[in-house]
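Chemist: quick one: sequence and predicted model below, then my questions.
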4 protein chains.
Amino acid sequence: MRKDGSRREELIKIATKLFMEKGYRTTSMQDIAKQMGIQKPSLYHYISSKEDILKEIVDITMNRLISSIEEIDRADISPVEKLERIIDSHITLICENLELFTVSLREINRFNAKGFWAHVVALRDKYEYHVRNILASGKKLGYFREDIDEKIIGFALLGCVNWTIRWYSPKGEKSPKEISNQWKKLFLTGLLKNK
Amino acid sequence: MRKDGSRREELIKIATKLFMEKGYRTTSMQDIAKQMGIQKPSLYHYISSKEDILKEIVDITMNRLISSIEEIDRADISPVEKLERIIDSHITLICENLELFTVSLREINRFNAKGFWAHVVALRDKYEYHVRNILASGKKLGYFREDIDEKIIGFALLGCVNWTIRWYSPKGEKSPKEISNQWKKLFLTGLLKNK
Amino acid sequence: MRKDGSRREELIKIATKLFMEKGYRTTSMQDIAKQMGIQKPSLYHYISSKEDILKEIVDITMNRLISSIEEIDRADISPVEKLERIIDSHITLICENLELFTVSLREINRFNAKGFWAHVVALRDKYEYHVRNILASGKKLGYFREDIDEKIIGFALLGCVNWTIRWYSPKGEKSPKEISNQWKKLFLTGLLKNK
Amino acid sequence: MRKDGSRREELIKIATKLFMEKGYRTTSMQDIAKQMGIQKPSLYHYISSKEDILKEIVDITMNRLISSIEEIDRADISPVEKLERIIDSHITLICENLELFTVSLREINRFNAKGFWAHVVALRDKYEYHVRNILASGKKLGYFREDIDEKIIGFALLGCVNWTIRWYSPKGEKSPKEISNQWKKLFLTGLLKNK
DNA sequence: GATGAATGAGTATTCATTCAT
DNA sequence: TATGAATGAATACTCATTCAT
């Protein structure tokens, strides 16, 4: 009676887990149905296609990242602090939603040359815009070196952080906090010892 | 025998291009055969399975990375210079073999839980070993800060560099040299202005 | 009870329209439900199966044709006039109930080899009986040529008239009256000019 | 070795038979494969989709009709004789290729609103053009009544003849020759006795 | 080396219908 | 009277691979 979509959410969650373990293509609707304890066609009560599930996963992850960075960029703090908070928040989001982000970041290219791609690109650009904006204003306000290229450094940040899905494990020895601290220091002062 | 080899190489090259454009699963043997101007079953004179093509691609890319890092690590230079050379060489390899590396880095997880996976992991570990080794000796020799974690910083380096496949284009505005210079400085001295 | 009936009729009407536009098989119960503004299972309050809708459509059309021809055949008029009236009435029925007749005549074969088929055949035979009967008595009474075969000429009449569903449009340039007049003359005196 | 497509022709023939008996939609690729003694996917060596089979059937029938009517219209004979020959040839074609024509005429509407429809319409129009052209010149040359409408009479001819698929059986009592003779006389001089 | 023919296993999706509420 | 949830059965089509020639 309560139409809260909780069964749909369960489906997304289960599918995400399977997509992470076996890959999107390799996971069949059969697999998802089995895991949910229902028959294959019943899945179509909750979603309209397999691709729709992936779209939802991508949407969820991208929007969480964007909400987070927008809030940070709005805050009345220095670009240096913004950068630190972005690193914190991005790593936390990934580590706490590892399945969602693994699938999203791994499979996102599948939409290339499809209608949904424009949507994806728009979201991606939004995030990158904020990153570059913070780097640029840090430069203008005299916090960051003048010779940094926002685009190239922005990609360094994204690569560094997004690559986490390839090696992070909640059972591993490194905590999100440790990772974040290491990288914040790396991005601000580099590896060389101050003399 | 030389004849064989060249035709096989052509196959790998064509397959790599298609895998990059359409993805490994989405590319059919039919697609590859068509692009080569032969019939589907004829492919099997050169390779023994579709997966074999991917294995070869992974092998080629990993081995190039390893040869390069081994040579660098062997050289009689400081860890700082080693780090710089790794960044240079890794970016150059990716940018000059963009198709190969895009496919390799994107599809490598496919072997998860298969026999080939152990092989992949061994290669990956070899590369990571050298990275961490250089970071550790840089620390020991007093070049790098003492509070850096080789593992976490090593992943930062790999993420930063490997992520290049997601955005780099030979037609784009940024050259491998520029990218490399920006990142070398980032890793050594960070973004903050020296006061 | 009156309420029921009207809702059921609405269903038949909507289904008929959809069957005409998309075909019986291609139209789903979903399509019908949507068009009615209710949910799929609710349809089953009014009909017992999809096939039942088609049965009803066939019944309605066949019975109208039969009522009409029976009335004509009962009338105290010459076979020539009977023939003319049949043409008039058959064309009028089709043109004024184009959706019903299009569906009925197009999909009627679907019941082949099913229980309902005997029923359909009985209705069809009834109509054909009257057509042939009129032709035969016209021959006996000296109105029609003696060398005509009632069966073959009867089929000519049916084909000519029933084919209307394939080309007639209420928006087209030809009125049912014009069509009817042309065909009455065709059947009675043929195309050749009297010399 | 001889690449004569005979297996493909066999497939079309078998499919045609099944489509006639069970209908296009109701016949599955499975059914066709079984009847051919091969596995389902093997069908796709010869055709590229189920719809392709139907397209071929429609093409074959329409083109035979058109070849025939073009030849007749080109001949140096009177419109009256042309009309007679059209009736002869059309009935013969249908009766001798009953399966092909039954499927084609019954399922042709399926392409409505698809790309192939324009092609179908073009073929249909070609045939109808010749029919009307012959009627019109018969009128102009003084053979036919002046009050006949080529379009309406043309449809009478088509309906009468095409309806044959609904009742003709090679095992039935009426031969194509008999049918043809009855209808030729019907169209030329009608049913009324000459006084 | 090359390939036409064939296929086993799989894959997403559709749909009429049922039933408890 | 209405419907959300569920499903058994079907369906067209794909694809890597094999093999006789």
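Modeler: Thanks, I have it.
Chemist: is stretch A:13-28 anywhere near DNA strand F?
Modeler: No: applying CB under 7 Å from any atom of the strand, one finds stretch A:13-28 separated from DNA strand F by no less than 10.3 Å. Placement of C-beta: from N, CA and C, glycine included.
Chemist: which outside residues touch that stretch?
Modeler: Taking contacts as CB atoms under 8 Å, 6 or more residues apart in numbering or on different chains, the residues outside stretch A:13-28 that touch it are A:31-32, A:35-36, A:53-54, A:57, A:98-100, A:102-103, A:106-107, A:110, B:25-26, B:109-110.
Chemist: just give me how far it sits from the chain centre.
Modeler: Computed by CA atoms, centre = their mean, to the nearest Å, the chain-centroid distance of stretch A:13-28 equals 17 Å.
Chemist: so which bits of that stretch are buried?
Modeler: A:14, A:15, A:16, A:17, A:18, A:19, A:20, A:23, A:24, A:27 (16 or more other CB atoms under 10 Å in any protein chain shown).
Chemist: hmm, which two among those residues are most spread apart?
Modeler: Pairwise distances across those (CB to CB) peak at 15.1 Å, for the pair A:14 and A:23.
Chemist: if we can go back for a sec, out of the buried residues of stretch A:13-28, the closest to chain B would be?
Modeler: Distance to chain B across those (CB to the nearest CB) is lowest for residue A:23, with 6.9 Å.
Chemist: after the helix or strand hosting residue A:33, next one along is what?
Modeler: For residue A:33, the enclosing helix or strand under DSSP states H and E is helix A:29-36. Counting by DSSP H and E, the next helix or strand C-terminal to helix A:29-36 is helix A:50-74.
Chemist: next, see if that following helix gets close to chain B.
Modeler: No: Helix A:50-74 does not reach chain B (CB under 8 Å from any CB of the partner chain); its nearest approach is 12.8 Å.
Chemist: can you name the residues in contact with that helix?
Modeler: By CB under 8 Å, 6+ apart, the list of residues contacting helix A:50-74 reads A:11-12, A:15-16, A:19, A:24, A:29, A:47, A:82, A:85-86, A:89-90, A:93, A:97, A:100-101, A:103-105, A:107-108, A:110-111, A:116, A:120, A:123-124, A:126-127, A:130-131, A:133-134.
Chemist: out of the residues you listed, which are buried?
Modeler: With neighbours counted by 16+ other CB under 10 Å, the contacts of helix A:50-74 contain buried members at A:11-12, A:15-16, A:19, A:24, A:29, A:47, A:82, A:85-86, A:89-90, A:93, A:100-101, A:103-105, A:107-108, A:110-111, A:116, A:120, A:123-124, A:127, A:130-131, A:133-134.
Chemist: filter these by proximity to DNA strand E?
Modeler: Among those, the ones lying close to DNA strand E by the criterion of CB under 7 Å from any atom of the strand are residue A:29.
Chemist: show me the buried ones among the contacts of helix A:50-74 that map onto helices.
Modeler: Mapping the buried ones among the contacts of helix A:50-74 onto helices (DSSP state H) picks out A:11-12, A:15-16, A:19, A:29, A:82, A:85-86, A:89-90, A:93, A:100-101, A:103-105, A:107, A:116, A:120, A:123-124, A:127, A:130-131, A:133-134.
Chemist: ok, and the closest non-adjacent residue to residue A:145?
Modeler: Excluding its sequence neighbours, the residue lying closest to residue A:145 (CB to CB, 6 or more residues apart in numbering or on different chains) is residue B:193, at 5.3 Å.
Chemist: where do the domain boundaries of chain A fall?
Modeler: Structurally, chain A divides into domains by automatic domain parsing as follows: A:1-48, A:49-189.
Chemist: mean confidence for the longest one?
Modeler: Looking back up the chat, that one is domain A:49-189. For domain A:49-189, mean pLDDT is 96.
Chemist: stretch A:103-116 close to DNA strand F?
Modeler: No: contact between stretch A:103-116 and DNA strand F, assessed by CB under 7 Å from any atom of the strand, is absent, since the two come no nearer than 13.9 Å.
Chemist: near DNA strand F, which residues of chain A are found?
Modeler: Within chain A, the positions adjacent to DNA strand F are A:3, A:7, A:38, A:39, A:40, A:41, A:42, A:44, A:45 by CB under 7 Å from any atom of the strand.
Chemist: how about the residues of chain A by DNA strand E?
Modeler: Contact residues (CB under 7 Å from any atom of the strand) of chain A with DNA strand E: A:26, A:27, A:28, A:29, A:30, A:40, A:41, A:44, A:48, A:49, A:50, A:51.
Chemist: just send those back as a markdown table, with distance to residue B:159 too.
Modeler: Conversion of the residues of chain A next to DNA strand E to a markdown table gives the following (distance: CB to CB, whole Å):
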| residue | distance to residue B:159 |
| --- | --- |
| A:26 | 25 |
| A:27 | 26 |
| A:28 | 31 |
| A:29 | 33 |
| A:30 | 35 |
| A:40 | 38 |
| A:41 | 41 |
| A:44 | 38 |
| A:48 | 35 |
| A:49 | 32 |
| A:50 | 29 |
| A:51 | 28 |
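Chemist: mind checking how far residue A:157 is from residue D:177?
Modeler: With distances defined as CB to CB, to the nearest Å, the gap from residue A:157 to residue D:177 amounts to 88 Å.
Chemist: which one's more surrounded, the two?
Modeler: Taking neighbours as other CB atoms under 10 Å in any protein chain shown, residue A:157 and residue D:177 compare with residue A:157 leading, 26 against 12.
Chemist: please confirm that residue A:118 is located within a helix.
Modeler: Yes: membership of residue A:118 in a helix is supported by DSSP: H, G, I helix; E, B strand; the rest coil.
Chemist: ok, now which ones touch residue A:90?
Modeler: The neighbourhood of residue A:90, defined by CB under 8 Å, 6+ apart, consists of A:65, A:68, A:69, A:161.
Chemist: let me know the closest of these to residue D:77.
Modeler: For residue D:77, the nearest member of those is residue A:65. The distance, counting by CB to CB, is 81.0 Å.
Chemist: can you report how many residues lie near that closest one?
Modeler: Here the count is done by other CB under 10 Å, and residue A:65 has 24 residues near it.
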